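Colleague: A structural model of the following input is requested.
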Amino acid sequence: MSVIVVGSMAFDAIETPFGKSNKIVGGAATYIAWSASNFTRPIQQISVVGGDFPQEELDILQARGVQMEGVQIKKDKKSFFWSGKYHMDMNTRDTLETQLNVLGDFEPVVPASYQGADILMLGNLSPAVQLSVIEQMKERPKLIVLDTMNFWMEIAMPDLEKVLKEVDVLLVNDSEARQLSGQYSLVRAAKEIMKMGPQYLVIKKGEHGALLFDGDHVFFAPALLLVGVFDPTGAGDTFAGGFVGYLDSTKDFSFEGMKSAIIIGSAIASFCVEKFGTARLRELTRKDIDERVQQFVELVNFDIALVK
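Modeller: As a prediction, the model looks like this:
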(Lines give C-alpha, C1' and ligand atoms only; values in the text may rest on other atoms or scores of the structure.)
Protein backbone atom coordinates (compact mmCIF):
# COMPACT_ATOMS: atom_id res chain seq x y z
CA MET A 1 0.00 0.00 0.00
CA SER A 2 1.69 3.21 -1.16
CA VAL A 3 1.18 6.32 -3.24
CA ILE A 4 3.88 7.91 -5.38
CA VAL A 5 3.51 11.70 -5.53
CA VAL A 6 5.28 13.65 -8.26
CA GLY A 7 5.31 17.44 -8.11
CA SER A 8 6.94 20.62 -6.91
CA MET A 9 8.18 21.37 -3.41
CA ALA A 10 8.63 25.10 -3.33
CA PHE A 11 8.27 28.52 -1.75
CA ASP A 12 5.23 30.79 -2.15
CA ALA A 13 4.58 34.42 -1.25
CA ILE A 14 0.85 35.10 -1.19
CA GLU A 15 -1.34 38.16 -0.88
CA THR A 16 -5.12 38.00 -0.51
CA PRO A 17 -7.72 40.64 0.43
CA PHE A 18 -7.51 39.23 3.97
CA GLY A 19 -3.81 39.13 4.58
CA LYS A 20 -0.31 38.59 3.28
CA SER A 21 2.29 35.90 3.84
CA ASN A 22 6.02 36.10 3.67
CA LYS A 23 7.96 33.37 1.86
CA ILE A 24 6.35 30.12 3.01
CA VAL A 25 6.69 26.46 2.05
CA GLY A 26 4.33 25.30 -0.70
CA GLY A 27 4.32 23.37 -3.95
CA ALA A 28 1.92 20.78 -5.33
CA ALA A 29 3.74 17.74 -3.93
CA THR A 30 3.97 19.34 -0.50
CA TYR A 31 0.21 19.91 -0.25
CA ILE A 32 -0.57 16.47 -1.70
CA ALA A 33 1.72 14.74 0.79
CA TRP A 34 0.32 16.58 3.81
CA SER A 35 -3.20 15.68 2.71
CA ALA A 36 -2.74 12.07 1.55
CA SER A 37 -0.76 11.06 4.64
CA ASN A 38 -3.92 11.47 6.71
CA PHE A 39 -5.24 8.29 5.08
CA THR A 40 -2.38 6.11 3.89
CA ARG A 41 1.36 5.62 4.29
CA PRO A 42 3.96 5.57 2.94
CA ILE A 43 3.73 8.50 0.58
CA GLN A 44 6.65 8.20 -1.81
CA GLN A 45 7.73 11.68 -2.87
CA ILE A 46 9.43 12.56 -6.17
CA SER A 47 10.50 16.19 -6.44
CA VAL A 48 13.46 18.56 -6.46
CA VAL A 49 14.49 21.33 -4.05
CA GLY A 50 17.38 23.72 -3.73
CA GLY A 51 19.85 24.10 -0.90
CA ASP A 52 17.59 26.81 0.53
CA PHE A 53 14.75 24.40 1.28
CA PRO A 54 14.55 23.81 5.06
CA GLN A 55 15.69 20.35 6.15
CA GLU A 56 13.19 20.52 9.02
CA GLU A 57 10.34 20.62 6.49
CA LEU A 58 11.57 17.37 4.96
CA ASP A 59 11.99 15.88 8.44
CA ILE A 60 8.42 16.77 9.47
CA LEU A 61 7.01 15.10 6.37
CA GLN A 62 9.21 12.04 6.91
CA ALA A 63 7.79 11.74 10.42
CA ARG A 64 4.34 11.54 8.78
CA GLY A 65 5.38 8.59 6.64
CA VAL A 66 6.51 10.54 3.56
CA GLN A 67 9.55 8.90 2.00
CA MET A 68 12.12 11.28 0.52
CA GLU A 69 14.41 8.97 -1.45
CA GLY A 70 13.00 10.41 -4.70
CA VAL A 71 13.53 14.05 -3.68
CA GLN A 72 16.63 15.53 -5.29
CA ILE A 73 18.46 18.24 -3.32
CA LYS A 74 20.49 20.65 -5.46
CA LYS A 75 22.55 22.34 -2.76
CA ASP A 76 24.04 24.97 -5.06
CA LYS A 77 20.70 26.10 -6.50
CA LYS A 78 17.48 27.71 -5.30
CA SER A 79 14.04 26.10 -4.96
CA PHE A 80 11.08 26.95 -7.17
CA PHE A 81 9.39 30.20 -6.09
CA TRP A 82 5.97 31.64 -6.92
CA SER A 83 4.38 34.89 -5.80
CA GLY A 84 0.75 35.81 -6.42
CA LYS A 85 -2.04 38.19 -5.46
CA TYR A 86 -5.68 37.09 -5.23
CA HIS A 87 -8.65 39.27 -6.14
CA MET A 88 -11.67 39.74 -3.88
CA ASP A 89 -13.52 36.73 -5.35
CA MET A 90 -10.55 34.53 -4.26
CA ASN A 91 -10.83 32.58 -7.53
CA THR A 92 -8.87 34.87 -9.84
CA ARG A 93 -5.27 35.81 -9.13
CA ASP A 94 -2.33 37.64 -10.66
CA THR A 95 1.07 35.99 -10.78
CA LEU A 96 3.59 38.54 -9.57
CA GLU A 97 6.74 36.47 -9.93
CA THR A 98 7.81 32.97 -10.96
CA GLN A 99 11.33 31.61 -10.49
CA LEU A 100 11.70 28.10 -11.91
CA ASN A 101 15.19 27.62 -10.46
CA VAL A 102 15.74 23.84 -9.85
CA LEU A 103 12.46 22.99 -11.54
CA GLY A 104 13.73 24.34 -14.86
CA ASP A 105 15.81 21.25 -15.65
CA PHE A 106 14.17 18.70 -13.34
CA GLU A 107 14.62 15.09 -14.47
CA PRO A 108 12.75 12.84 -12.02
CA VAL A 109 14.14 9.45 -11.07
CA VAL A 110 11.90 6.72 -9.65
CA PRO A 111 13.84 4.89 -6.90
CA ALA A 112 13.81 1.08 -6.96
CA SER A 113 12.08 1.10 -3.56
CA TYR A 114 9.11 2.96 -5.08
CA GLN A 115 8.41 0.27 -7.68
CA GLY A 116 5.18 -1.63 -7.05
CA ALA A 117 3.18 1.36 -5.78
CA ASP A 118 -0.58 1.03 -6.15
CA ILE A 119 -1.26 4.67 -7.07
CA LEU A 120 0.77 7.20 -9.03
CA MET A 121 -0.28 10.81 -8.45
CA LEU A 122 1.19 13.10 -11.10
CA GLY A 123 1.03 16.65 -9.79
CA ASN A 124 1.05 19.69 -12.04
CA LEU A 125 4.38 19.61 -13.91
CA SER A 126 5.29 19.56 -17.58
CA PRO A 127 3.69 16.62 -19.45
CA ALA A 128 7.15 15.46 -20.57
CA VAL A 129 8.23 15.11 -16.93
CA GLN A 130 4.99 13.34 -16.03
CA LEU A 131 5.40 10.92 -18.95
CA SER A 132 9.00 10.15 -17.99
CA VAL A 133 7.82 8.96 -14.57
CA ILE A 134 5.18 6.67 -16.10
CA GLU A 135 7.80 5.21 -18.42
CA GLN A 136 10.11 4.44 -15.47
CA MET A 137 7.49 2.30 -13.73
CA LYS A 138 8.39 -1.36 -14.27
CA GLU A 139 4.89 -2.42 -13.26
CA ARG A 140 1.98 -0.16 -14.07
CA PRO A 141 0.32 1.18 -10.91
CA LYS A 142 -3.29 0.14 -10.42
CA LEU A 143 -4.36 3.78 -10.70
CA ILE A 144 -2.63 6.74 -12.38
CA VAL A 145 -4.05 10.18 -11.56
CA LEU A 146 -3.03 13.30 -13.49
CA ASP A 147 -3.33 16.98 -12.66
CA THR A 148 -2.58 19.58 -15.34
CA MET A 149 -3.35 23.19 -16.26
CA ASN A 150 -4.09 25.61 -19.12
CA PHE A 151 -0.41 26.53 -19.49
CA TRP A 152 0.56 23.04 -20.67
CA MET A 153 -2.40 22.93 -23.07
CA GLU A 154 -1.04 26.08 -24.69
CA ILE A 155 2.65 25.15 -25.00
CA ALA A 156 2.89 21.33 -24.77
CA MET A 157 -0.34 19.86 -26.12
CA PRO A 158 1.31 16.98 -28.09
CA ASP A 159 3.07 15.77 -24.91
CA LEU A 160 -0.11 16.23 -22.88
CA GLU A 161 -2.06 14.09 -25.35
CA LYS A 162 0.52 11.31 -24.88
CA VAL A 163 0.18 11.45 -21.10
CA LEU A 164 -3.62 11.44 -21.25
CA LYS A 165 -3.54 8.09 -23.05
CA GLU A 166 -1.69 6.58 -20.09
CA VAL A 167 -3.81 7.78 -17.14
CA ASP A 168 -6.98 6.58 -15.42
CA VAL A 169 -8.13 9.82 -13.78
CA LEU A 170 -7.73 13.43 -14.90
CA LEU A 171 -8.17 16.35 -12.48
CA VAL A 172 -8.85 19.78 -14.02
CA ASN A 173 -10.94 22.85 -13.28
CA ASP A 174 -13.88 23.90 -15.44
CA SER A 175 -11.97 26.41 -17.60
CA GLU A 176 -9.25 23.81 -18.24
CA ALA A 177 -11.86 21.21 -19.19
CA ARG A 178 -13.39 23.63 -21.68
CA GLN A 179 -10.02 24.55 -23.16
CA LEU A 180 -8.87 20.95 -23.44
CA SER A 181 -12.09 19.76 -25.10
CA GLY A 182 -13.13 22.82 -27.11
CA GLN A 183 -16.62 22.42 -25.61
CA TYR A 184 -18.45 24.88 -23.37
CA SER A 185 -20.91 22.34 -21.96
CA LEU A 186 -19.11 20.41 -19.23
CA VAL A 187 -21.08 17.27 -20.15
CA ARG A 188 -19.84 17.48 -23.74
CA ALA A 189 -16.38 18.47 -22.54
CA ALA A 190 -16.23 15.37 -20.34
CA LYS A 191 -17.16 13.08 -23.22
CA GLU A 192 -14.44 14.57 -25.43
CA ILE A 193 -11.79 14.36 -22.71
CA MET A 194 -12.58 10.75 -21.82
CA LYS A 195 -12.07 9.87 -25.50
CA MET A 196 -8.47 11.05 -25.02
CA GLY A 197 -7.73 8.28 -22.51
CA PRO A 198 -8.90 8.80 -18.92
CA GLN A 199 -11.71 6.58 -17.66
CA TYR A 200 -12.64 9.09 -14.96
CA LEU A 201 -12.71 12.87 -15.12
CA VAL A 202 -12.90 15.12 -12.07
CA ILE A 203 -13.76 18.77 -12.75
CA LYS A 204 -12.93 20.98 -9.77
CA LYS A 205 -15.16 24.03 -9.44
CA GLY A 206 -13.60 25.63 -6.37
CA GLU A 207 -16.22 27.11 -4.05
CA HIS A 208 -18.91 25.46 -6.20
CA GLY A 209 -17.80 21.87 -5.58
CA ALA A 210 -16.59 19.15 -7.94
CA LEU A 211 -17.99 16.91 -10.69
CA LEU A 212 -17.07 13.27 -11.35
CA PHE A 213 -17.63 11.71 -14.78
CA ASP A 214 -17.43 8.04 -15.77
CA GLY A 215 -18.99 7.36 -19.16
CA ASP A 216 -22.62 8.45 -18.81
CA HIS A 217 -22.45 8.48 -15.01
CA VAL A 218 -22.14 11.85 -13.27
CA PHE A 219 -21.74 12.71 -9.58
CA PHE A 220 -21.70 16.18 -8.02
CA ALA A 221 -20.06 16.96 -4.69
CA PRO A 222 -20.88 20.37 -3.20
CA ALA A 223 -18.37 22.62 -1.52
CA LEU A 224 -18.78 23.46 2.12
CA LEU A 225 -19.75 27.05 2.91
CA LEU A 226 -16.97 28.43 5.10
CA VAL A 227 -16.98 31.43 7.43
CA GLY A 228 -13.44 32.41 6.47
CA VAL A 229 -11.34 31.78 3.38
CA PHE A 230 -7.84 33.20 3.80
CA ASP A 231 -5.76 31.49 1.12
CA PRO A 232 -6.97 29.21 -1.70
CA THR A 233 -3.40 28.36 -2.77
CA GLY A 234 -2.90 24.61 -2.69
CA ALA A 235 -6.59 23.78 -2.26
CA GLY A 236 -6.68 21.82 -5.52
CA ASP A 237 -3.55 19.88 -4.59
CA THR A 238 -4.94 19.22 -1.12
CA PHE A 239 -8.10 17.90 -2.77
CA ALA A 240 -5.97 15.61 -4.94
CA GLY A 241 -4.06 14.35 -1.90
CA GLY A 242 -7.21 13.50 0.03
CA PHE A 243 -8.65 11.89 -3.09
CA VAL A 244 -5.72 9.53 -3.76
CA GLY A 245 -4.93 8.93 -0.09
CA TYR A 246 -8.47 7.74 0.59
CA LEU A 247 -8.53 5.59 -2.56
CA ASP A 248 -5.28 3.93 -1.52
CA SER A 249 -6.76 3.14 1.90
CA THR A 250 -9.89 1.54 0.44
CA LYS A 251 -8.53 0.08 -2.83
CA ASP A 252 -11.99 0.69 -4.28
CA PHE A 253 -11.35 2.29 -7.67
CA SER A 254 -14.96 1.93 -8.84
CA PHE A 255 -17.30 4.85 -9.58
CA GLU A 256 -18.81 4.43 -6.10
CA GLY A 257 -15.34 4.47 -4.56
CA MET A 258 -14.47 7.61 -6.52
CA LYS A 259 -17.62 9.33 -5.23
CA SER A 260 -16.54 8.78 -1.63
CA ALA A 261 -12.99 9.92 -2.45
CA ILE A 262 -14.29 13.19 -3.90
CA ILE A 263 -16.14 13.95 -0.67
CA ILE A 264 -12.98 13.22 1.33
CA GLY A 265 -10.88 15.38 -0.99
CA SER A 266 -13.37 18.23 -0.74
CA ALA A 267 -13.42 17.96 3.05
CA ILE A 268 -9.63 18.16 3.35
CA ALA A 269 -9.42 21.02 0.85
CA SER A 270 -11.92 22.99 2.93
CA PHE A 271 -9.39 23.02 5.79
CA CYS A 272 -6.53 24.16 3.57
CA VAL A 273 -8.10 27.53 2.72
CA GLU A 274 -8.60 28.50 6.37
CA LYS A 275 -4.98 29.59 6.87
CA PHE A 276 -1.99 30.52 4.73
CA GLY A 277 0.03 27.73 3.16
CA THR A 278 0.06 24.35 4.87
CA ALA A 279 -0.53 25.81 8.35
CA ARG A 280 -4.04 24.40 8.80
CA LEU A 281 -3.10 20.99 7.40
CA ARG A 282 -0.37 20.65 10.02
CA GLU A 283 -2.94 20.97 12.82
CA LEU A 284 -5.50 18.45 11.59
CA THR A 285 -6.63 15.54 13.73
CA ARG A 286 -8.70 12.53 12.74
CA LYS A 287 -11.55 14.01 14.79
CA ASP A 288 -11.39 17.24 12.75
CA ILE A 289 -11.57 15.28 9.50
CA ASP A 290 -14.42 13.02 10.62
CA GLU A 291 -16.48 15.99 11.79
CA ARG A 292 -15.89 17.88 8.53
CA VAL A 293 -16.83 14.84 6.43
CA GLN A 294 -20.03 14.54 8.47
CA GLN A 295 -20.83 18.15 7.60
CA PHE A 296 -20.58 17.22 3.92
CA VAL A 297 -22.87 14.24 4.46
CA GLU A 298 -25.46 16.44 6.17
CA LEU A 299 -25.17 18.96 3.34
CA VAL A 300 -26.38 16.47 0.72
CA ASN A 301 -28.43 13.96 2.73
CA PHE A 302 -32.20 14.43 2.67
CA ASP A 303 -35.50 12.56 2.51
CA ILE A 304 -38.12 13.54 -0.01
CA ALA A 305 -41.74 12.55 -0.49
CA LEU A 306 -42.52 12.31 -4.18
CA VAL A 307 -45.64 14.11 -5.39
CA LYS A 308 -48.29 11.60 -6.44
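Colleague: can you name the residues that contact E192?
Modeller: 180-183 (C-beta atoms under 8 Å, 6 or more residues apart in numbering). (Each C-beta comes from the backbone N, C-alpha and C, glycine too.)
Colleague: which ones among the residues you listed are found in helices?
Modeller: 180-181 (DSSP state H).
Colleague: now do the strands in this protein.
Modeller: All strands of the chain, identified by DSSP state E, fall at 3-6, 10-16, 19-20, 24-26, 43-50, 66-74, 81-86, 93-99, 119-122, 143-147, 169-173, 200-204, 210-214, 217-221.
Colleague: export these to TSV and tack on distance to R282, mean neighbour count and mean pLDDT?
Modeller: Below are the strands of the chain laid out as TSV (distance: least, C-beta to C-beta, whole Å; neighbours: other C-beta atoms under 10 Å; pLDDT from 0 to 100):
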stretch	distance to R282	mean neighbour count	mean pLDDT
strand 3-6	17	30	98
strand 10-16	15	22	95
strand 19-20	18	12	90
strand 24-26	10	22	97
strand 43-50	15	28	98
strand 66-74	13	19	98
strand 81-86	20	18	94
strand 93-99	23	12	92
strand 119-122	20	30	98
strand 143-147	22	24	97
strand 169-173	23	25	96
strand 200-204	23	24	97
strand 210-214	24	22	97
strand 217-221	25	16	95
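Colleague: A261 touches K251, doesn't it?
Modeller: No: A261 is beyond contact range of K251, at 11.4 Å (criterion: C-beta atoms under 8 Å).
Colleague: please enumerate the helices of the stretch 151-300 of the chain.
Modeller: Under the criterion DSSP state H, counting those that start in this stretch, the stretch 151-300 of the chain carries helices at the ranges 157-164, 174-181, 186-195, 235-250, 255-272, 279-283, 286-300.
Colleague: so what touches the second one?
Modeller: Applying C-beta under 8 Å, 6+ apart, the external contacts of helix 174-181 come out as 148-150, 153, 172, 184, 186, 188-190, 192-193, 196, 201, 203-205.
Colleague: just the buried ones out of these, please.
Modeller: 148, 153, 172, 186, 189-190, 193, 196, 201, 203-205 (16 or more other C-beta atoms under 10 Å).
Colleague: redo those residues as JSON lines? Include distance to I304.
Modeller: Below are the buried ones among the contacts of helix 174-181 laid out as JSON lines (distance: C-beta to C-beta, whole Å):
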{"residue": "T148", "distance to I304": "38"}
{"residue": "M153", "distance to I304": "41"}
{"residue": "V172", "distance to I304": "32"}
{"residue": "L186", "distance to I304": "26"}
{"residue": "A189", "distance to I304": "30"}
{"residue": "A190", "distance to I304": "27"}
{"residue": "I193", "distance to I304": "33"}
{"residue": "M196", "distance to I304": "38"}
{"residue": "L201", "distance to I304": "29"}
{"residue": "I203", "distance to I304": "26"}
{"residue": "K204", "distance to I304": "28"}
{"residue": "K205", "distance to I304": "25"}
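Colleague: quick revisit: more crowded one of A261 and K251?
Modeller: A direct count of neighbours by other C-beta atoms under 10 Å for A261 and K251 places A261 higher, at 27 against 13.
Colleague: OK, contacts around that one?
Modeller: Here A261 is in contact with 242-244, 246-247, 250 (C-beta under 8 Å, 6+ apart).
Colleague: just L284 next, same as before
Modeller: Neighbours of L284 in contact, by C-beta under 8 Å, 6+ apart: 38, 268, 271.
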